[in-house]
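> I would like to see how this sequence folds:
(2 chains)
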Amino acid sequence: MLRYLIRRLGQAVLVVAGVIVLTFAVMRLVPGDPAVAYAGPKATAAELAEARRRFGLDDPLPVQLWNYLSDLLRGDWGTSLHTRQPVRDDLFQAFPASLELVGAALIIALAVGVPLGVAAARYKGRLPDLSVRLSSMLAVSVPVFWLALALQTVFASGLGWFPVAGEYDTSLDRTSPLHLYTNITAVDALITGNWPILTSTLWHLVLPALVIAAYPAGVVAQMTRAALIEEASRDHARLERALGFGETAVLTRFALRPALNPVLSLIALVFAYSIVNGFLVEAVFNWPGLGRYAADSIRSLDTPAIAGVTLLVAVLYVVANLAVDLLQGVVDPRVRAR
Amino acid sequence: MRLHKRLLAAGAVAAVTLTAAACAGGQVRGAADSTPQPGSSEGAAGGTADSTFVYVPNLDVVTDWDPASSYSNEIIAMQNIYESLTRYNPQTKKAEPRLASSWTVSPDGKKWTFTLREGVKFHTGKPVDAAAAKAAIERTIKEGQGAAYIWGAVKDIEAKDATTLEFTLKYPAPLDLIASAGYASYVYDTTAVSGDLKKWFGEGHDAGSGPYTIESWQKGKETELTLKAFDDYWGGWDGPHYKKIAYRVTPELTTAWQLLQRGEVSFVQRLNAQLFAQAGGTDTVQTSQTPSFQNLLVLFNTADGPLKDVKLRQALQKAIDYDGLVAALKGSGVAASGLVPAGLLGNIPGMTPKQDLAGAEALLKEAGYGPGGKPLELSLTYAQGDADQELLVTLLSSALDKLNVKLQAKPLQWTTQWDQGKAKDPSKRQDIFVMYWFPDYADAYSWFVNVFRSEKDVQFNLSYLKDEAIDKLIDELPALTATDQAAAEKTYAELQNKIINERAAVAVPYVQNYQRAFAKSVQGYVDNPAYPNVVFVYDLKPGA
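Presented below is the predicted three-dimensional model:
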């Protein structure tokens, strides 16, 4: 197991290194001068020269790459051309809100997707199965941006059931100041017993989290269904039926646990995907997460910030992949032998 | 669950928690960080009922807090926190008193004496006197960042006494207009802190004298910034005023509109044409349309390539469907009249261009092109992602197709487009360059000196015009604007005739229009295009 762990960690480090080099190359290949983006279109030649010196843009490319790598190792992700702040600080400011939103979405996805998958498997080929397959296909294929706007227009603006935008009602800051420990509003509110902010945050989370949950819920439902059907055809299921267990009991008491293994592995991958998928949702619902930061960075051609977001997302993917691989390694010894 | 699985799950949870914990600063969010709803009430400066103006920008508010170098979107807040010596009035086309109550200029336009208002205090509690104003402007000049170049004409500043500030200039310039600039003209307390002033500003402090001061700044949050009334503001707080301003960043226009409709915000900076039309028909909302000081320039390459021939440039001017374009913009643009937008000295009414395809065809034929003649292929570059410019390109391509002219239009990021425009090798440059232009202070000189004066190394003269007679007239403008505005007006007219009609270096299809939507309860709002997107909240009255 230790050898397997070391091998996988080594591979993950190589992938991250590759992403860093690629990110650097893209930063330098993107047309346009970062010095102009920093100093502004009406900057004088002296101001541009100062910006070039400050960002080391006059150094040879290998030197720039070396500086970039060594800065990253020291925890310096560069300075944003747009916010003028360290990119790492900007990302740490924005990431917790994205984590909160995607975390809530994945909880919803599991809570909805698994029971739907079970129902579809239980009534395979009948109306519940067809409905689940159809709705999960719809959930997977509908564009999040459209779904976000539709839910916002109907349930927030039209019916007024939910807030239009925002993370929580910021007027509560006056009456119920929030102590920050993790920077994740809902978690901090829970830890400190700040019920007004917790309730408001959960209320604000409903619509954006539902939108982000649509894709993983659809995938989870389909995967649970397929895995359960496969498990239900195995020898142990025949034995359970012979012992007098009903079909629902066979599925939920015996087949569900082994069937959920691939689903849980999938969730780790879907997590990283949902962070990026959520960018547009964050824009629609004014969620103060990575999405807004990424959009602003792209709009202002802020290459260090774009690279920072890319790197963070890449690291999330790698970590998620690594977690899945390790999980599979733990569960299935054949994987370790490969 | 087996032990190793539990360990793995615990590890994952710990990793996520640690990541998040690393993000926490151990601070308290709230207390001073209040962000009330529009119209909300609480105890306030002067002890009267309070109300909050909630402004919805599309982009992050603050990039740079230093009043010396600030040159970005934060102008929407800075103009409510800081004040300049003067403020521009687009109705009178003149600078009006702000921190300076009056001023005089010497006959040669090189000595300006400003008399400062008495009894004005900075938010730091120190007095705003001539020495403080001198120190602020000198620091801005020394920093040399952002729009600090506006003070380029200044040779010396002297604080004659507490209220008299005298500027000696290297050459005549309209210093009253310069002092009204949206950026780099602020008067601030340079002694606000004994240490690094820039760092102190960067932490979200201010040292202005304006009606509002920073209450809270939360970078990256939805309500990024909240300002509160400065109790000792020289204008006083008698009568109805908004006592707080909250800036609620909302990138998505549909969301901004829904927030306004639900009464959660007071003012939306920008809506698209469809939403703006909808806002016009909504009872609880009012709208305003004002031409900006930003116009679109279609610059023709006068130095190289086929457009070196003035007939071809004139043909292109005539081929543009000006009316069709303005109609298609659905209110986000108005017809231009010359190079200088309305509201600025130098705007010439009656210069609105019209499409003339027959005229264009005749000119093309004279040059050997057009239907039945040699085919002509032209390259054009414009801003990627700009729907309005894309519209221009579509209409122009289709008009030129009929005239046997093929337009190779390339949408590019600004820096790429600009780099190509500045290419050392003239053959690598485009035939047509499309860009917006706006002045940094309310003076039309900006268009002429930057875009049409001869340049050794190309910066913004992207029509590559080199004309000594035009240069001479441009050089006369600052002195004339400072000393003889009627003569300046004539020179502006002459210049526009030369540049647009005789040399055909540019076509000006439209001036951008500001389309604002705001709550019915907001009273007294007037857009001032000299300060893009700024709402001078102190001047407004909160209604019921």
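
> Strands of the stretch 101-250 of chain B, start to end?
B:111-116, B:154-161, B:164-169, B:212-217, B:223-229, B:244-248 (DSSP state E, counting those that start in this stretch).

> actually the stretch 51-200 of chain A, not the one I typed
A:178-179.

> need the helices for it, in chain order.
A:61-73, A:87-122, A:127-141, A:144-151, A:172-175, A:185-191, A:195-232 (DSSP state H, counting those that start in this stretch).

> Tell me the helices and strands packed up against the fifth one.
By that I understand helix A:172-175. Here helix A:172-175 touches helix A:195-232, going by 3 or more Cβ pairs under 8 Å, 6 or more residues apart in numbering or on different chains; DSSP states H and E. Every C-beta, even on glycine, is put in place using the N, C-alpha and C of the backbone.

> tell me which residues in the helix it packs on are buried?
A:197-198, A:200-202, A:204-229, A:231-232 (16 or more other Cβ atoms under 10 Å in any protein chain shown).

> any idea of the angle that helix forms with helix A:87-122?
Taking axes from the mean of the first three to the mean of the last three Cα atoms, to 10 degrees, one finds helix A:195-232 and helix A:87-122 inclined to each other by 50 degrees.

> Which SSE is immediately downstream of helix A:195-232?
Downstream of helix A:195-232, the first helix or strand assigned by DSSP states H and E is helix A:235-242.

> Hmm, residue B:389 is touching residue B:432, no?
No. Taking contacts as Cβ atoms under 8 Å, residue B:389 lies outside contact range of residue B:432: 11.5 Å.

> Run the chain-centre distance for the strand or helix carrying residue A:22.
Assigned by DSSP H and E, residue A:22 belongs to helix A:2-29. Between the centre of helix A:2-29 and the centre of its chain there are 19 Å (Cα atoms, centre = their mean, to the nearest Å).

> Worst mean pLDDT among the helices of the stretch 51-200 of chain A?
The minimum mean pLDDT among the helices of the stretch 51-200 of chain A belongs to helix A:172-175 (a mean of 80).

> Pull out the buried residues from that helix.
For helix A:172-175, using 16+ other Cβ under 10 Å, the buried residues are A:172-174.

> I'd like to know how many residues surround the residue nearest to residue B:397 when sequence neighbours are not counted.
Leaving aside its sequence neighbours, residue B:397 sits nearest to residue B:407 (Cβ to Cβ, 6 or more residues apart in numbering or on different chains; 4.5 Å). A count of nearby residues for residue B:407, using other Cβ atoms under 10 Å in any protein chain shown, gives 21.

> could you give me the average pLDDT of the helix or strand containing residue B:392?
Per DSSP H and E, residue B:392 falls inside helix B:387-401. Regarding helix B:387-401, the rounded mean pLDDT is 93.

> buried residues in it?
B:388-393, B:395-396, B:399-400.

> what do you get for stretch B:423-437?
Using 16+ other Cβ under 10 Å as the test for burial, stretch B:423-437 gives B:429-437.

> hmm, it touching chain A?
No. Shown here: stretch B:423-437 not in contact with chain A (Cβ under 8 Å from any Cβ of the partner chain), separated by at least 9.3 Å.

> mean confidence for that stretch?
Stretch B:423-437 comes out at a mean pLDDT of 93.

> Equivalent analysis for stretch A:17-24, please.
Mean predicted lDDT for stretch A:17-24 stands at 85.

> What residues does the stretch 51-200 of chain B have near chain A?
Contact residues, the stretch 51-200 of chain B versus chain A (Cβ under 8 Å from any Cβ): B:59-60, B:63-64, B:71-72, B:144-147, B:149.

> Can you say which of those are buried?
Here, 16+ other Cβ under 10 Å leaves B:59-60, B:63-64, B:71-72, B:144-147 buried among those.

> Report the distance from stretch A:278-285 to the chain centre.
12 Å.

> ok, and what's touching it?
With Cβ atoms under 8 Å, 6 or more residues apart in numbering or on different chains as the test, stretch A:278-285 has contacts from A:97-98, A:101-102, A:105, A:144-145, A:148-149, A:152, A:164-166, A:204, A:207-208, A:211-212, A:287-292, A:294-295, B:251-252, B:254-255.

> Compute the first-to-last residue distance for stretch A:112-131.
By Cα to Cα, to the nearest Å, the extent of stretch A:112-131 from end to end equals 14 Å.

> Mind listing what's buried along it?
A:112-114, A:116-122, A:129.

> Now the stretch 101-250 of chain A against chain B: closest residue?
residue A:177 (2.8 Å; Cβ to the nearest Cβ).

> Hmm, that residue is touching residue B:28, no?
Yes. Using Cβ under 8 Å, residue A:177 makes contact with residue B:28 at a distance of 5.1 Å.

> the more surrounded of the two?
residue A:177 (19 against 14).

> hang on, the earlier thing: and the helix holding residue A:22, is it in reach of chain B?
No. If you take Cβ under 8 Å from any Cβ as the test, helix A:2-29 misses chain B, and the best it gets is 11.1 Å.

> Of all the residues in that helix, which ones are buried?
A:4, A:8, A:12, A:15-16, A:19-20, A:23-24, A:27.

> what helix or strand does the residue nearest to residue B:397 sit in?
Here residue B:407 is assigned to strand B:405-412, by DSSP H and E.

> pLDDT averaged over that strand - what is it?
Per-residue scores along strand B:405-412 average to 93.

> now the very next helix or strand once past it and strand B:405-412, what's the angle there?
The helix or strand immediately downstream of strand B:405-412 is helix B:414-421, counting by DSSP H and E. With the same axes, to 10 degrees as the basis, helix B:414-421 and strand B:405-412 are set at 130 degrees to each other.

> which helices and strands does helix B:414-421 pack with?
On a contact count with 3+ Cβ pairs under 8 Å, 6+ apart, helix B:414-421 meets helix A:34-39, strand B:376-383, strand B:432-437.

> can I get these in TSV with distance to residue B:348?
Formatted as TSV, the helices and strands packed on helix B:414-421 follow (distance: least, Cβ to Cβ, whole Å):
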stretch	distance to residue B:348
helix A:34-39	33
strand B:376-383	26
strand B:432-437	17
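
> ok so, going back, what pairs with the strand holding residue B:407, parallel or antiparallel?
Sheet pairing for strand B:405-412, assigned by DSSP bridges, gives strand B:376-383 (parallel).

> Kindly export the partner strand (C-alpha atoms) in CSV.
What follows is strand B:376-383, C-alpha atoms only, in CSV (Å, rounded to 0.1, in the frame of the first residue of the first chain):
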residue,chain,number,x,y,z
LEU,B,376,-10.3,46.2,-52.8
GLU,B,377,-9.5,44.3,-49.6
LEU,B,378,-9.1,46.1,-46.3
SER,B,379,-8.1,44.9,-42.8
LEU,B,380,-9.9,46.2,-39.8
THR,B,381,-9.3,45.5,-36.1
TYR,B,382,-11.8,46.1,-33.3
ALA,B,383,-12.4,45.2,-29.6
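
> right, and the secondary structure at residue B:298 would be what?
strand (DSSP: H, G, I helix; E, B strand; the rest coil).

> Who are the contact partners of it?
B:316, B:320, B:392, B:432-434, B:506-509.

> Relative to chain A, how far out is it?
Distance, residue B:298 to chain A, by Cβ to the nearest Cβ, to the nearest Å: 18 Å.

> In the sheet, which residues pair with that residue? Tell me.
Here residue B:298, judged by DSSP bridges, has bridge partners residue B:434, residue B:507.

> I'd like the distance between it and residue B:352.
Going from residue B:298 to residue B:352 by Cβ to Cβ, to the nearest Å gives 15 Å.

> Spell out which parts of the stretch 151-300 of chain A neighbour chain B.
A:152-153, A:156-157, A:160, A:164-167, A:170-174, A:176-184, A:187-188, A:283-288, A:292-293, A:295-296, A:299.

> Pull out the buried residues from these.
So, by 16+ other Cβ under 10 Å, the buried ones in these are A:152, A:156-157, A:164-167, A:170-174, A:176-178, A:180-184, A:187-188, A:283-288, A:292-293, A:295-296.

> Now the stretch 301-450 of chain B against chain A: closest residue?
For the stretch 301-450 of chain B, Cβ to the nearest Cβ, closest residue to chain A: residue B:415, 3.1 Å.
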